[in-house]
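Provided below for reference: sequence and predicted model.
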There are 2 protein chains.
Amino acid sequence: MAAEGDLEALAAARPLLTDLYQVTMALGYWRAGRARDAAEFELFFRRCPFGGAFALFAGLRDCVRLLRAFRLRDADVRFLASALPPDTDPAFFEHLRALDCSGVTVRALPEGSLAFPGVPLLRVSGPLLVVQLLETPLLYLVGYASLVATSAARLRLIAGPEKRLMEMGLRRAQGPDGGLTASTYSYLGGFDSSSNVLAGQLRGVPVTGTLAHSFVTSFAGNEVPPDPMLAPAAGEGPGVDLAARAEVWLARVCAHLELGVQEPHPGERAAFVAYALAFPRAFQGLLDSYSVRRSGLPNFLAVALALGELGYRAVGVRLDSGDLLQQAREVRGVLRTTAAHFQVPWLERLCITVSNNVDEEELARLAQEGSEVNVIGIGTSVVTCPRQPSLGCVYKLVSVGGQPRMKLTEDPEKQTLPGSKTAFRLLGADGALLSDVLQLAEEPPPQAGQELRVWPRGAREPCTVTPAQLCQPLPSLAESRAFAQLSLSRLGPAHRRLHGPELYQVALSEKLQALVDSLSARGSP
Amino acid sequence: MAAEGDLEALAAARPLLTDLYQVTMALGYWRAGRARDAAEFELFFRRCPFGGAFALFAGLRDCVRLLRAFRLRDADVRFLASALPPDTDPAFFEHLRALDCSGVTVRALPEGSLAFPGVPLLRVSGPLLVVQLLETPLLYLVGYASLVATSAARLRLIAGPEKRLMEMGLRRAQGPDGGLTASTYSYLGGFDSSSNVLAGQLRGVPVTGTLAHSFVTSFAGNEVPPDPMLAPAAGEGPGVDLAARAEVWLARVCAHLELGVQEPHPGERAAFVAYALAFPRAFQGLLDSYSVRRSGLPNFLAVALALGELGYRAVGVRLDSGDLLQQAREVRGVLRTTAAHFQVPWLERLCITVSNNVDEEELARLAQEGSEVNVIGIGTSVVTCPRQPSLGCVYKLVSVGGQPRMKLTEDPEKQTLPGSKTAFRLLGADGALLSDVLQLAEEPPPQAGQELRVWPRGAREPCTVTPAQLCQPLPSLAESRAFAQLSLSRLGPAHRRLHGPELYQVALSEKLQALVDSLSARGSP
């Protein structure tokens, strides 16, 4: 654990994982004598992802790790010197060598908070040169984490509270770290577990997994295990040859299912026996390596019933191809008749896990009323977010030396809101969300019960709302996850929509609106 | 560099960044006495990405790093023990502690090779337990790298050879490693540079970058640099106050452009002066913080002409919003008339860089005949590959103990090709691609000039083709990149298509086809 902790810290402390222009700008600020000017940036996104009406904020814990570890080592500074003009003043590199984030303050939403367009996820203030340098890492630490958490939250809303959701997308991620981030934040967003072992080791995410088709197809059926005997679950009495007992049960099962005893693939059965010998208390079968109905299911039942004789209860089955909903129904049917036929009632309640390119639409189908599916494995869809693979966060300068800054540009959507701001989330009497209100830091906070005049973003007329409070930070990933679920419960029916126009109101205070108006008039030549 | 090298090695050696089922299967194999059985897996993809007709293979250097470093540390084994049944035989954990990849052989296409569906990118052979454990890491190391390299190659084909392409997507990547992988392999695929400094430090990718809007908006215009003087480029003669000279030139430029001298934003000009003081030999202006025509361009020209007096040549301008093609045309027009007016011919040839959500369609527009754009920055599109954010590579068991293995399933597309195989790429007399032929390892290689009977995949009738040779591996990233460009030159017009049905033929040898037929007949119950 110590070594891994070091590795995480080391990986967090890769200050050169940034855009070169942060460094060229650093030199520019330094040369202009402005490296230590007090500056504030805001990190936010402009539109809710996936065409939905909300996002979940995540990635804060990685930002904190970055800020703690941020330091340029000698090798880093030497490399930067090689990328800058050869006559650059050596004093600049001395300045870089001495940098850390001790002068930086980050104010953030708690991880797991609902987040809305234009409302800062992070407000980062400190010396201009340093807070500028932090732009790229903060964007890549927050953007993808929040995207995955939001994707997971949507999938959880679709699945409902009962179905278990397992993330298994490591192999489809953008290399090592993409996978670790995806596993961590899909758990935060509401998944139950991940296949990613490192996410278990480093982040405490529950990890799950059983066997793949390669395990099944690696057996021909003529393999002889070094020790074929299995002791009873209670530990008393002689062991039995599990493979031999499975053959006995196979004949009974095939008779019950009206199959020829030669039909189920012997290699698949040998694989199930091998897995059961290793995991007698956690036996699961992957049914679709050859044919679910004619091979996978009878082989599974033979081994599960042989285990049952010894007092072990199988856990369940997995389906990884074909029509998952329909097959789950058929498998449940066979489990029921078999349970009744052999008088083993536990058999009918076995867990049915499905996987295979499950996305939001397929999940809705699998989670429908009457579905026999218990666990759904989702990989590519939650990890790559194909509907929108980036959140598009931005990091914008809002003040320098206490003076507000605003980017105007020719593109109104890219205009920024000037000034150091605070945001308040207003709740109604029933605890549901009303609106987020952005105001200048110098303005007094809204008071509960007191009417507030605000400008919805983009509108030219104010309206009135009733205020509430901001949430408090929570420490652990599990707590952030609980907080995320709590946050999601605040979504009213309109905001729970996963597609369609954004409805949640983000409003500006009177003073902020006035500042926007005056800077727009002044700055636009 | 040493520390970063260590970090890379450490990061590569995170054997727990894997799916838990690899570990549960390992225990299953071990318990069945099969941990050391000789096995072979193939890693391939089933369909070309993005609806195109080719892929580029990349990620091999990361796989080699993984194989060299692969070892379970004590902390890893302890964590695995906590995730497995408590009565697991301790000898299994001893086996894990002793694992490395010394018994593993990987045969691969050279990085930068063209790759086609079903043709192995990697063939991995060695002890069953170890080569099974490698599945997840090999998939995440190859899949995304190849996807990004292919995406970059497509963008290069669209841009043509002249336009310079800069990758700048770090902030949109799946966290730290996603960004590093994207920068490395978009360079391999044909980009000219990256904004990612770490990709320069660790991988030797050329890095480029200048300034962002925050640098521009951080200046109000009343800042006084500690040293406003700039010496002439030739180093002889007295320095001048650059800001003062820029004011003189601003009046001339505004007169020429028929603008009021108050119109250009003074803060933007101060930012340009500050940047020019830091980078007098590499001055570039970002034009769209306020208004390109009325502020950014005249301010840039004033500073560029002031620098010109001192013998410095500005490098160029960047546009980051609006209609990039149209604005580049207008900017070039102003550069031309200004160059003529002030008799500074170098001014009209300045480099025009554009960026802002450039994707394949927008790139085609920017690269059209008559475009005045020189450099195109692409971020989100190349890094997240929104059209298809994962390649969907799979890793399938093809033989154990020298015996072929085949997965049948109910889904014909998921069937595998059995047996240890080699692939040959057949070229025509003109050097263009004809077909890839997969055959069993035991078959003699095709001979140049000798007719070969093969079965196109999925077809039931053979056809004939003329053979050639496989390419040789190349070592450095730059060489792989050169090789990728060479590979791409082999694409005939039909295969260069970026959309539409896949046309490239992947064929099976007679013997392989016969084995497929026999196993399908035998295994399908």
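Received it, and whenever you're ready, just let me know what you need. Residues are numbered from 1 along each chain as shown, chains lettered A, B, ... in the order given.

Close to chain B: what parts of the stretch 301-450 of chain A are there?
Taking Cβ under 8 Å from any Cβ of the partner chain as the contact definition, the stretch 301-450 of chain A meets chain B at A:321-322, A:380, A:383-386, A:388-390, A:392-393, A:395-397, A:400, A:403, A:405-411, A:414. (Glycine included, C-beta is placed from N, CA and C.)

which among those end up buried?
A:321-322, A:380, A:383-386, A:388-390, A:392-393, A:395-397, A:400, A:405-410, A:414 (16 or more other Cβ atoms under 10 Å in any protein chain shown).

what number of residues lie near residue A:329?
15 (other Cβ atoms under 10 Å in any protein chain shown).

which residues sit in contact with it?
For residue A:329, the contact set (Cβ atoms under 8 Å, 6 or more residues apart in numbering or on different chains) comprises A:371-372.

Just confirm residue A:516 contacts residue A:416, I think it does.
No. In this structure residue A:516 lies outside contact range of residue A:416 using Cβ atoms under 8 Å: 9.5 Å.

Look at those two and report which has more neighbours.
Counted by other Cβ under 10 Å, residue A:516 and residue A:416 do not tie: residue A:416 has more neighbours, with 23 against 20.

What score does the more buried one have for pLDDT?
With respect to pLDDT, residue A:416 scores 82.

so where is the stretch 401-525 of chain A shaky, pLDDT-wise?
Along the stretch 401-525 of chain A, segments meeting pLDDT under 70 span A:408-412, A:467-484, A:486-487, A:490-492, A:494, A:496-498, A:500-504, A:506, A:522-525.

and with 50 instead?
A:471-475, A:524-525 (pLDDT under 50).

ok, now chain A?
A:1-4, A:471-475, A:524-525.

May I have the secondary structure class of residue A:177?
helix (DSSP: H, G, I helix; E, B strand; the rest coil).

count of residues packed around it?
Residue A:177 has 26 nearby residues by other Cβ under 10 Å.

contacting residues for it?
A:11, B:174-178.

The same query, at a cut-off of 10 Å, please.
A:11, A:62, A:140, A:144, B:11, B:14, B:17, B:140, B:173-181 (Cβ atoms under 10 Å, 6 or more residues apart in numbering or on different chains).

Doesn't residue A:106 lie inside a strand?
Yes. Assignment of residue A:106 by three-state DSSP places it within a strand.

The nearest residue to it once chain neighbours are set aside bridge partners, please.
What sits nearest to residue A:106 in space, not counting adjacent residues and going by Cβ to Cβ, 6 or more residues apart in numbering or on different chains, is residue A:124, at 5.3 Å. As for beta bridges, residue A:124 partners with residue A:41, residue A:106 under DSSP bridges.

didn't residue A:124 look like it was pressed against residue A:38?
No. Contact status for residue A:124 versus residue A:38: not in contact, 11.8 Å apart, counting by Cβ atoms under 10 Å.

Of those two, which one has the most company?
A side-by-side neighbour count of residue A:124 and residue A:38, using other Cβ under 10 Å, places residue A:124 first with 26 against 16.

What residues does that one make contact with?
Residue A:124 neighbours (Cβ under 10 Å, 6+ apart): A:39-43, A:63, A:67, A:101, A:104-108, A:130-132, A:134-135, A:138, A:395, A:398.

From residue A:68, how far off is it?
Per Cβ to Cβ, to the nearest Å, residue A:124 is found 14 Å from residue A:68.

before we move on, what about residue A:27?
Residue A:27 is 25 Å from residue A:68, by Cβ to Cβ.

higher neighbour count, the two?
Counted by other Cβ under 10 Å, residue A:27 and residue A:68 do not tie: residue A:27 has more neighbours, with 25 against 14.

Surely the more buried one forms part of a helix?
Yes. Membership of residue A:27 in a helix is supported by three-state DSSP.

so what's it closest to, chain neighbours aside?
Closest residue to residue A:27 apart from its sequence neighbours, by Cβ to Cβ, 6+ apart: residue B:278 at 4.6 Å.

contacting residues for that neighbour?
Residue B:278 touches A:24-32, A:84-85, A:88-89, A:92, B:211, B:225, counting by Cβ under 10 Å, 6+ apart.

Just the ones in strands from the residues of the stretch 301-450 of chain A next to chain B, please.
Among these, the members found in strands (DSSP state E) are A:393, A:395-397, A:400, A:403.

Test my guess that residue A:105 contacts residue A:130.
No. Applying Cβ under 10 Å as the test, residue A:105 and residue A:130 come out as separate, 11.2 Å apart.

which residues do those two both contact?
A:67, A:124.

who has more neighbours, those two?
Shown here are residue A:105 and residue A:130; by other Cβ under 10 Å, residue A:130 has more neighbours (22 against 12).

The more buried one is in contact with residue A:35, isn't it?
Yes. In this structure, residue A:130 is within contact of residue A:35 by Cβ under 10 Å, at 8.2 Å.

shared neighbours of these two, anything?
A:26, A:29, A:99.

Against residue B:195, how distant is the second one?
Read it as residue A:29. For residue A:29 relative to residue B:195 (Cβ to Cβ), the value is 18 Å.

again with residue A:509
37 Å.

repeat for residue A:19
Going from residue A:19 to residue B:195 by Cβ to Cβ gives 4 Å.

Residue A:274 too?
To residue B:195, residue A:274 is 51 Å away according to Cβ to Cβ.

Heading C-terminal from the longest helix seen in chain A, find the next helix or strand.
If you go by DSSP state H, chain A has its longest helix at helix A:135-159. Tracing the chain C-terminally past helix A:135-159 and defining elements by DSSP states H and E, one meets strand A:164-167 next.

name the helices or strands packed onto that next one?
If contacts are counted by 3 or more Cβ pairs under 10 Å, 6 or more residues apart in numbering or on different chains; DSSP states H and E, strand A:164-167 sits against helix A:135-159, helix A:175-189, strand A:193-194, strand A:351-354, strand A:375-378, helix A:380-384.

can you rerun that using 8 Å?
Under the contact criterion of 3 or more Cβ pairs under 8 Å, 6 or more residues apart in numbering or on different chains; DSSP states H and E, strand A:164-167 touches helix A:135-159, helix A:175-189, strand A:193-194, strand A:375-378.

With only the CA atoms kept, save it in CSV.
C-alpha atoms of strand A:164-167 as CSV (Å, rounded to 0.1, in the frame of the first residue of the first chain):
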residue,chain,number,x,y,z
ARG,A,164,-26.9,-4.0,-9.2
LEU,A,165,-24.6,-2.2,-11.6
MET,A,166,-21.0,-3.3,-12.1
GLU,A,167,-18.5,-1.3,-14.0
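
What pairs with that strand, parallel or antiparallel?
In the sheet, strand A:164-167 lines up with strand A:193-194 (parallel), strand A:375-378 (parallel) (DSSP bridges).

Tell me how far that strand lies from the chain's centre.
11 Å (Cα atoms, centre = their mean, to the nearest Å).

now swap in stretch A:74-92 and tell me
38 Å.

can you give me the end-to-end distance of it?
End-to-end span of stretch A:74-92 (Cα to Cα, to the nearest Å): 13 Å.

Can you name the residue of the stretch 201-350 of chain A nearest to chain B?
With Cβ to the nearest Cβ, the shortest gap between the stretch 201-350 of chain A and chain B falls at residue A:209, namely 3.1 Å.

That residue reaches residue B:23, doesn't it?
Yes. Assessed by Cβ under 8 Å, residue A:209 is found in contact with residue B:23 at 7.3 Å.

Show me the helices in the stretch 401-525 of chain A, by range?
For the stretch 401-525 of chain A, helices defined by DSSP state H, counting those that start in this stretch occupy the ranges A:477-489, A:493-496, A:510-523.

The longest one: how far from the chain's middle?
In this view, helix A:510-523 has its centroid 38 Å away from the chain centroid, taken as Cα atoms, centre = their mean.

what residues does it touch?
So helix A:510-523 is contacted by A:404, A:406, A:408, A:415, A:417-419, A:421, A:438-440, A:443, A:453-455, A:462, A:508, B:265, B:290 (Cβ under 8 Å, 6+ apart).
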